[in-house]
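K.L.:
Using only what follows, build the 3D model:
(one chain, ligands or ions: 1)
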Amino acid sequence: MSKSVIVIGTGNAALCAAIAALENGAHVTLLEKADRAMAGGNTKYTAGAMRFAYNGPADLLPLLRNPDDPRVKNADFGSYDTAKFGSDLLGFNDGRPLSEEQEALVNLSGETMRWLASHDVKFEPIFSRQSFEKGGRHVFWGGLTLAAENEGVGLFDMEMAAVEHMGGTVRYNSAVTGLLTEGGRVIGVRLGDEVLHADAVILASGGFEANDELRVKHMGPNWKAAKVRGTPHNTGDGLLMAAEVGAAEYGLYAGCHATPMDLHMADFGNLDLPAGERKNYRKISYFLGVMLNAEGARFVDEGANFRNYTYAQYGAAILDQPGQFAWQIFDSKVFDLLYAEYRFHDAHFVEADTLEALVPLMTGVDPDAATATLAAYNAAVDAQTAFDPTVLDGKATQGLTPPKSNWAQKIDEGPFRAFPVTGGITFTYGGLKVDGQGGVVGKDGSTIPGLFACGEIVGGVFFAGYPGGSGLTSGAVFGRRAGYGASQA
Ligand SMILES: Cc1cc2nc3c(=O)[nH]c(=O)nc-3n(C[C@H](O)[C@H](O)[C@H](O)COP(=O)(O)OP(=O)(O)OC[C@H]3O[C@@H](n4cnc5c(N)ncnc54)[C@H](O)[C@@H]3O)c2cc1C
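P.N.:
Alright, predicted model coming up:
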């Protein structure tokens, strides 16, 4: 007899879980806290970029909606094997070995992308952000090459179409408030006074990034002021209800993905912006310039690595600065290389023809210290090495702390622009422990019967940082696993 499965949430993880459970013949009901317009959680706010292991273009072409796009033939996608994906994750583990969850993410990433494509969830190359033109070709860098067609909203639409096509049902404005148990087994959910029974429940309700009390509890007082880049609905509800039935906390609760964001953006992300503009409050071209804090000091190596490998940590670095803001400074040499978000109609910046005139416009910054820092930076730039944003060019500062290890050009050609930024939290890393079928593990180490989890709510996948595009892949890998697991519960 087919099983009944309740999925909590309608983000990427929830929809992948639903597709997998439906494939296995389950009756699936998705319960979504938001209304229809705001359904889809953080997934809808994303650029839809997904990181996965591939051995060359032959692995990518079947995933594309338009493999005949002439730019595809003129692109160098390179390869990104499981060893490279694993070593990229290891680079953010602060010395930890790859966790079981990371091993699963890496090893199942390619087949999960093929599985999505088999459900007509299709992708396109990220020409604008992940490649530079070199010798007339689009050269991809950093191992991240594809995004869902029409970004996160497109991913949601394509996955939701698959769910509906396969007979899944969705209830909006349906915040789950607790889990029903009987004899240690989860047998359904509560929505206030209403009760719904099911053979299995899948928690896919995101992290706690939009809950300022939980942020402060787990991550410290600096995080109260953080902007929330995505949905206001990910308030840790699933984590709290899982704890009530004995689930163990797992992973790094003090860790999160947080990026530099426009200081003057609203407190949450804005889904009303058209596709292509939703990510525009993010400001991550810092590797082309420098960042100064209120004391006029630099505080990170802006060119430590490709920005895919630094942007998720530098939001936290900004929140650690006095006043919890910074300014990003660029000269006209790089204006054309800055991401489109710097030309966004609601991008905040100041501009002047000289650095002397720019510095006093940077509100909140010690002007004398800033002038001295910029002079010291310019004096430390290696003038011999050529600048090349398609590679780690080694064009570094000499004798500066912190150094700028790549792409260190002088900031000396006016006009100059400075953009005020703060830290915006994307999602939290701490969560629940799941077993190989996606079942939630309790404090005593045994799986809680009837309870499954996937997506941001799963812990142990990310620690000190995150190679861009891994969040959606994680949601898909663990969503598919939880959907199969729940349909056999
Ligand atoms: C601005 C932004 C850009 C990003 N860009 C990328 C990217 O390009 N690539 C990438 O890999 N990752 C990206 N991420 C990260 C990515 O969004 C997440 O990793 C992923 O979307 C998480 O999916 P999820 O299904 O776990 O959670 P979500 O998509 O957040 O879904 C959680 C759902 O649960 C619902 N919910 C919460 N509580 C309840 C409740 N009590 N009852 C019922 N429903 C509930 C929420 O309303 C929501 O719909 C980005 C995130 C943001 C914010």
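K.L.:
Just list what the host helix or strand of Ala312 packs against, helices and strands only.
P.N.:
In the assignment (DSSP states H and E), Ala312 maps to helix 311-319. Applying 3 or more C-beta pairs under 8 Å, 6 or more residues apart in numbering; DSSP states H and E, we find helix 311-319 packed against strand 256-262, strand 416-428. C-beta: built from backbone N, CA, C; applies to glycine.
K.L.:
Can you list the strands that the helix or strand following the shortest one pairs with?
P.N.:
Reading on from strand 256-262 to the C-terminus, the next helix or strand found by DSSP H and E is strand 290-292. Strand 290-292 has the following strand partners under DSSP bridges: strand 326-331 (antiparallel).
K.L.:
related to what we said a few turns ago, let's have the helices and strands packed on helix 311-319 in JSON lines, adding mean neighbour count.
P.N.:
As requested, the helices and strands packed on helix 311-319 are exported to JSON lines (neighbours: other C-beta atoms under 10 Å):
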{"stretch": "strand 256-262", "mean neighbour count": "26"}
{"stretch": "strand 416-428", "mean neighbour count": "26"}
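K.L.:
export those strands to TSV and tack on mean pLDDT and distance to Val350?
P.N.:
Shown next, in TSV, are the helices and strands packed on helix 311-319 (pLDDT from 0 to 100; distance: least, C-beta to C-beta, whole Å):
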stretch	mean pLDDT	distance to Val350
strand 256-262	95	13
strand 416-428	97	5
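K.L.:
what's in contact with the helix holding Ala312?
P.N.:
Contact partners of helix 311-319, identified using C-beta atoms under 8 Å, 6 or more residues apart in numbering, comprise 222-223, 225-226, 256-261, 284, 286, 291, 293, 299-300, 324-326, 421-426, 464-466, 468.
K.L.:
do stretch 119-134 as well
P.N.:
Residues from elsewhere that reach stretch 119-134, judged by C-beta under 8 Å, 6+ apart: 19, 47-50, 60, 63-66, 69, 71-72, 75, 77, 113, 117, 138-142, 144-149, 155, 158-159, 161-162, 339-340, 389-390.
K.L.:
ends of it, how far apart?
P.N.:
End-to-end distance for stretch 119-134: 35 Å, by C-alpha to C-alpha, to the nearest Å.
K.L.:
heads up, I number from 27, so please use that
P.N.:
All right, first residue 27 from here; so that's stretch 145-160.
K.L.:
sorry, back to before: narrow the contacts of stretch 145-160 to those in helices?
P.N.:
Those of these mapping onto helices are Ile45, Leu86, Arg97, Val98, Met139, Ala143, Leu181, Met184, Glu185, Ala187, Ala188, per DSSP state H.
K.L.:
Quick check: beta-bridge partners of the closest residue to the fourth one other than its chain neighbours?
P.N.:
For Val98, ignoring the flanking residues on the chain, the nearest one in space by C-beta to C-beta, 6 or more residues apart in numbering is Pro151 at 6.5 Å. Pro151 has these beta-bridge partners by DSSP bridges: Leu172.
K.L.:
how many neighbours does Pro151 have?
P.N.:
Counted by other C-beta atoms under 10 Å, the residues lying close to Pro151 total 22.
K.L.:
Give me the average confidence score over the strand or helix carrying Leu240.
P.N.:
In this assignment (DSSP H and E), Leu240 forms part of helix 238-245. For helix 238-245, the mean pLDDT works out to 96.
K.L.:
Kindly report the same for stretch 397-404.
P.N.:
For stretch 397-404, the mean pLDDT works out to 98.
K.L.:
outside of it, which residues touch it?
P.N.:
With C-beta under 8 Å, 6+ apart, stretch 397-404 has contacts from 316, 318, 322-324, 355, 381-382, 385, 423, 426, 430, 434, 436-438.
K.L.:
same thing but at 10 Å, please
P.N.:
315-316, 318-319, 321-324, 328, 355, 357, 381-382, 384-386, 391-392, 423, 425-426, 430, 434-438, 442 (C-beta atoms under 10 Å, 6 or more residues apart in numbering).
K.L.:
for stretch 106-113, same thing?
P.N.:
By C-beta under 10 Å, 6+ apart, stretch 106-113 touches 77-82, 85-86, 104, 114, 124, 128-129, 131-136, 166, 168-171, 493, 496, 499.
K.L.:
any idea of the pLDDT on the nearest residue to Trp167 once chain neighbours are set aside?
P.N.:
Counting by C-beta to C-beta, 6+ apart, Trp167 lies nearest to Thr416, which is 5.7 Å off, once chain neighbours are set aside. Per-residue confidence (pLDDT) for Thr416: 85.
K.L.:
got the contact list for Thr416?
P.N.:
Contacts for Thr416 (C-beta under 10 Å, 6+ apart) come out as Asp102, Ser157, Phe158, Glu159, Lys160, Val165, Phe166, Trp167, Gly168, Phe332.
K.L.:
Now intersect those residues with the strands, please.
P.N.:
Judged by DSSP state E, strands contain the following of these: Asp102, Ser157, Phe158, Glu159, Lys160, Val165, Phe166.
K.L.:
okay if I get these as a markdown table plus neighbour count?
P.N.:
Shown next, in a markdown table, are the ones in strands among the contacts of Thr416 (neighbours: other C-beta under 10 Å):
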| residue | neighbour count |
| --- | --- |
| Asp102 | 14 |
| Ser157 | 21 |
| Phe158 | 16 |
| Glu159 | 11 |
| Lys160 | 14 |
| Val165 | 16 |
| Phe166 | 22 |
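K.L.:
can you list the residues of the stretch 377-515 of the chain near the ligand?
P.N.:
Thr452, Phe453, Gly481, Glu482, Gly495, Ser496, Gly497, Leu498, Gly501 (C-beta under 6 Å from any ligand atom).
K.L.:
ok, now which ones touch the last one?
P.N.:
If I follow you right, that is Gly501. Gly501 makes contact with 35, 37-43, 67-69, 76, 138, 181, 230, 232, 480-484, 487, according to C-beta under 10 Å, 6+ apart.
K.L.:
Make a ChimeraX selection of the buried ones in those.
P.N.:
Here is the ChimeraX command that picks out the buried ones among these, judged by 16 or more other C-beta atoms under 10 Å:
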select :35,37,38,39,40,41,42,43,67,68,69,76,138,181,230,232,480,481,482,483,484,487
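K.L.:
picking up where we left off before, show me the two of the contacts of Thr416 that sit farthest apart.
P.N.:
Spatially, the most separated pair among the contacts of Thr416 is Glu159 and Phe332, at 16.7 Å (C-beta to C-beta).
K.L.:
In terms of secondary structure, what does the next helix or strand after the helix holding Leu240 contact?
P.N.:
Sequence-wise, the next helix or strand downstream of helix 238-245 (DSSP H and E) is strand 253-254. Strand 253-254 sits against strand 282-288, strand 442-454, with contacts defined as 3 or more C-beta pairs under 10 Å, 6 or more residues apart in numbering; DSSP states H and E.
K.L.:
Just list what the first one packs against, helices and strands only.
P.N.:
Looking back up the chat, that one is strand 282-288. Short answer (3+ C-beta pairs under 10 Å, 6+ apart): strand 282-288 packs on helix 238-245, strand 253-254, helix 337-345, strand 442-454.
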